[in-house]
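In: Any chance you can model this:
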Amino acid sequence: MSFLVIVCYDVTTETREGRRRLRRVARICEGVGQRVQKSVFECRVDSARYEELERRLLAEIESNEDCLRLYRITEPVHLHVKEYGRFKATDFEQPLVI
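Out: Numbering: from 1, shown residues only. Down below sits the predicted model:
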């Protein structure tokens, strides 16, 4: 069974290594979910994929410089997530039309 996870991060970019970490963290998130803001991703994952995502992100960040937050959104999602403005997230539960 899958569930929705919101991943938020703030990676220090004052150094070259910090900018590299930022790109690596973003790439990890892009491989699992969709970007909804610059450093915020929505990811629909099962328990195994969640553990892998968390492990990979923790391996990248520097805990004394960066910040990482993971929020598990409980079902039903439509009661807990409200959208306003131009961006509309893709609903992966509905048929995808390209």
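
In: which regions of this protein lie under the pLDDT threshold?
Out: Along the chain, the parts satisfying pLDDT under 70 run over 87-98.

In: For it, which segments are assigned as helices?
Out: In the chain, the segments counted as helices under DSSP state H are 16-30, 47-60.

In: who wins for proximity to V7 among the ones you listed?
Out: V7 sits nearest to helix 16-30 of all those, at 5.5 Å, using CB to CB. Placement of C-beta: from N, CA and C, glycine included.

In: Quick one: work out the angle between the closest one and helix 47-60.
Out: 170 degrees (axes from the mean of the first three to the mean of the last three CA atoms, to 10 degrees).

In: follow-up on the earlier one: indicate which one of the helices of the chain is closest to M1.
Out: M1 sits nearest to helix 47-60 of all these, at 8.1 Å, using CB to CB.

In: Surely S2 touches A48?
Out: No - assessed by CB atoms under 8 Å, S2 is found out of contact with A48, at 10.5 Å.

In: and those two? which has more neighbours close in?
Out: Between S2 and A48, counted using other CB atoms under 10 Å, S2 has the larger neighbour count: 14 against 8.
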